[in-house]
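[1] show me how the following folds:
(2 chains)
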Amino acid sequence: MVAVTEPATIASKARTRKPVGRMAALAAYLQALPLFLILGAFLLLPLLLIAVVSFWDYDFAAMYPDFVTFNYTETLGSWVTWQTYLNTLKFAVIVWAITLFIGFWVAYFLAFHVRTSSMQTVLFLICTVPFLTSNIIRMISWIPVLGRNGLVNSALVEAGLVSAPVEWLLYSDFAVVLAMVHLYTLFMVTPIFNTLMRIDRALLEAARDAGASSFQVLTNVILPLAKPGMAIGTIFVVTLVMADFSTVQVMSGGQSASVALMMKNQMSLLQYPAAAANAVVLLVLVLLMVAGILRIVDIRKEL
Amino acid sequence: MHREPRSREFYVLAVFFALFVVFLYGPLSAILVLSFQGPNGGLTFPLNGVSLHWFANLLETQAVGDFGGSFRRSLALGLMVMVVTVLVSLLAGLAFRRKFVGATPLFYLSVASLVVPSIIISLGIGVLFQQLGLQPAWYSSAFGAHLTWTLPFGVLIMFAVFNRFSPAYEEAARDLGATAWQTFLHVVLPMIAPSLIGVGLFGFSLSYDEFARTLMTSGTYNTLPLEIYGMTTNVTTPVLYALGTVTTLFSFLVIVATVGAIVSLNRRRTRA
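    Alright, predicted model coming up:
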């Protein structure tokens, strides 16, 4: 049967190749069009407008098309702005380091120590589920744990470790970092787990056969191969922390600041051009960081 | 399969993993318990009696604002975002299988959509609607804002799916005389259906819980996360926890239903 149909299909393929090829190219454009239109209208256009508006004049009532630079000079000339940027970067570095540490070991455990793939799936799902629930609820849920009369403080007082409740547990930088780690660690676990699962197990066998201790296997084989996953996780965590305003606001009780929170306050005062100037600076900073990380890893190859 | 006995490393890491899971779920279970606080109880332990008082309180409109209305809006928005995310990501995934001019810029535009701080998108769309003289609303501006967050996830997932998809199946179908549409409908679609359901779950959940992007784009009527965000500053009773419990349980139900659907699809496929 194969022998009978084969020449016919080859002949028909040869006859129709040209128009089909052109049709296929057209189809690709049509298929990509909705994505382009949506991102064009709701990402590109708004970003361009922000860049334009950042040069506009404004007062308490409205914005006026203009070309002024004081939105930039005002924000960059203020010591408070620089402190806010530094504070945001500080959160980014601390949260990045902690999530990388936790994320790697959790992914490493799932990939190399859980033996059956169904158990792997179940444990991975357990890690994923909280990510699909509300961030705000997950933030609020720390209040009864860390608060003045919260679980941790009552336990500490009851155990006689401290005489009075510890005040810095909630509404502090500590609480902000803790909540961010709670919210964002999964963004580190998933990409690292993905790369670890793709490591050829024969490499580990080979290293062990060649006499490597399990510590040497970890540092000389697994860690270098896990770098792309770590890079992608880093992109997620760093951009999420740099953009965060709600965690900083809720968990610091208004005592700490971040760039996005500063923007949000300007927006609620209708100072859109000032917020737009901040947005441009923040966006450039974030894109530079991402571009730097993308030099290490080619995302398209890792998917 | 027989392998070497568990090493000490295993036990250390197993404890670490268990602690991580407690860290993830511990606080959530705290508000779950506290939402059953008695009518005179406060925001922290101990429980002052057990009651459904705060759940009943949720249904009274004045107590917490418009909980029912914001829930309905978030649900409708989540479903809209889910449908569009699945369709557009699937189409884009198919497009990226071929080479076309602009494929790389479009891919990096999707990645950019993921890394641009959400508050900037919120600000940009808000100002855009203002300049166009359009009234922002949850079904227009917020809808678009949510898509900039869900679409990159969908596109990257579909990209990964088609990276691993062997064209041999389609060639076989075509050699058997199937048209392009038949090949897609009867060969490709059933094989990627579980991933599409996953994309749908992401689309719905990310939209249902999103609020940074909704901040300046929701217009007159709040979505549920905005309602909850507002409550964090001015509500000092366990009604906040009751709302948290209800929405979290709803999210859990959605996840369980989706995972169930994927498992049953996979099971049916292996049986066939």
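[2] flag every residue of the stretch 151-300 of chain A that's near chain B.
    A:151, A:154, A:182, A:185, A:214, A:235-236, A:239, A:242-243, A:245-246, A:250, A:260, A:263-264, A:267, A:272, A:275-276, A:279, A:282-283, A:286-287, A:290, A:299-300 (Cβ under 8 Å from any Cβ of the partner chain). C-beta here means a position set from N, CA and C on the backbone, and glycine is covered the same way.
[3] and those residues, which of them are buried?
    A:151, A:154, A:182, A:185, A:235-236, A:239, A:242-243, A:245-246, A:250, A:260, A:263-264, A:267, A:272, A:275-276, A:279, A:282-283, A:286, A:290, A:299 (16 or more other Cβ atoms under 10 Å in any protein chain shown).
[4] flag every buried residue along the helix or strand harbouring residue B:146.
    Using DSSP states H and E, residue B:146 sits within helix B:141-163. Across helix B:141-163, burial judged by 16+ other Cβ under 10 Å covers B:141-162.
[5] ok, now stretch A:71-81?
    Under 16+ other Cβ under 10 Å, the buried positions of stretch A:71-81 are A:71, A:72, A:75, A:81.
[6] my guess is the second one meets residue A:54, correct?
    Same thing as residue A:72. Yes. Using Cβ atoms under 8 Å, residue A:72 is in contact with residue A:54, at 7.1 Å.
[7] any common contacting residues for the two?
    The contact sets of residue A:72 and residue A:54 overlap at residue A:277 (Cβ atoms under 8 Å, 6 or more residues apart in numbering or on different chains).
[8] still on that earlier bit, which members of the buried ones among the residues of the stretch 151-300 of chain A next to chain B are positioned in helices?
    A:151, A:154, A:182, A:185, A:235-236, A:239, A:242, A:246, A:250, A:260, A:263-264, A:267, A:272, A:275-276, A:279, A:282-283, A:286, A:290, A:299 (DSSP state H).
[9] and residue B:219, how many neighbours?
    Look at residue B:219: counted by other Cβ atoms under 10 Å in any protein chain shown, it has 18 neighbours.
[10] hey, what's it bridged with?
    Beta-bridge partners for residue B:219, by DSSP bridges, are residue B:137.
[11] I'd say it and residue B:143 touch.
    No. Counting by Cβ under 8 Å, residue B:219 does not reach residue B:143; the two are 10.9 Å apart.
[12] and residue A:45, what are its phi and psi?
    Backbone geometry at residue A:45, expressed as degrees, to the nearest 10, gives phi -60, psi -50.
[13] how near is the spatially closest residue to it that is not a sequence neighbour to residue A:196?
    Excluding the flanking residues, the one nearest residue A:45 by Cβ to Cβ, 6 or more residues apart in numbering or on different chains is residue B:128, at 6.1 Å. From residue B:128 across to residue A:196, the span is 42 Å (Cβ to Cβ, to the nearest Å).
[14] likewise residue A:290?
    Applying Cβ to Cβ to residue A:290 and residue A:196 gives a distance of 23 Å.
[15] got a list of what residue 238 touches?
    As the question left the chain open, I've gone with chain A. A:92, A:96, A:286, A:289, A:290, A:293.
[16] think we crossed wires, I meant chain B
    Residue B:238 touches B:34, B:35, B:37, B:41, B:42, B:43, B:54, counting by Cβ under 8 Å, 6+ apart.
[17] so the second one sits against residue B:249, correct?
    Right, the one you point to is residue B:35. No. Using Cβ under 8 Å as the test, residue B:35 is too far from residue B:249 to be in contact (10.2 Å).
[18] what's around the residue nearest to residue A:45, how many residues?
    Residue B:128, neighbours per other Cβ under 10 Å, totals 23.
[19] so where does it fall, helix or strand?
    helix B:118-132.
[20] same question, residue A:301
    Using DSSP H and E, residue A:301 falls in helix A:299-302.
[21] avg pLDDT for that helix?
    Averaging pLDDT along helix A:299-302 gives 74.
[22] repeat that for stretch A:31-48.
    94.
[23] residue B:14 reaches residue A:113, doesn't it?
    Yes. Between residue B:14 and residue A:113 a contact is recorded at 7.2 Å, counting by Cβ under 8 Å.
[24] if I look at the residue of chain A found nearest chain B, how far off is residue B:102?
    In chain A, the residue that lies nearest chain B is residue A:46 (2.6 Å; Cβ to the nearest Cβ). Plainly put, residue A:46 is 20 Å away from residue B:102 if you go by Cβ to Cβ.
[25] so who does the closest residue to residue B:183 other than its chain neighbours touch?
    Nearest residue to residue B:183 in three dimensions, chain neighbours excluded: residue B:173, at 4.4 Å (Cβ to Cβ, 6+ apart). Residue B:173 sits next to B:182, B:183, B:186, B:187 when contact means Cβ under 8 Å, 6+ apart.
[26] does the residue of chain A closest to chain B really touch residue B:129, like I thought?
    No. In this structure, residue A:46 is not within contact of residue B:129 by Cβ under 8 Å, at 9.3 Å.
[27] which one of these two has more residues nearby?
    residue A:46 (27 against 20).
[28] give the contact list for the more buried one.
    B:121, B:123, B:124, B:125, B:127, B:128.
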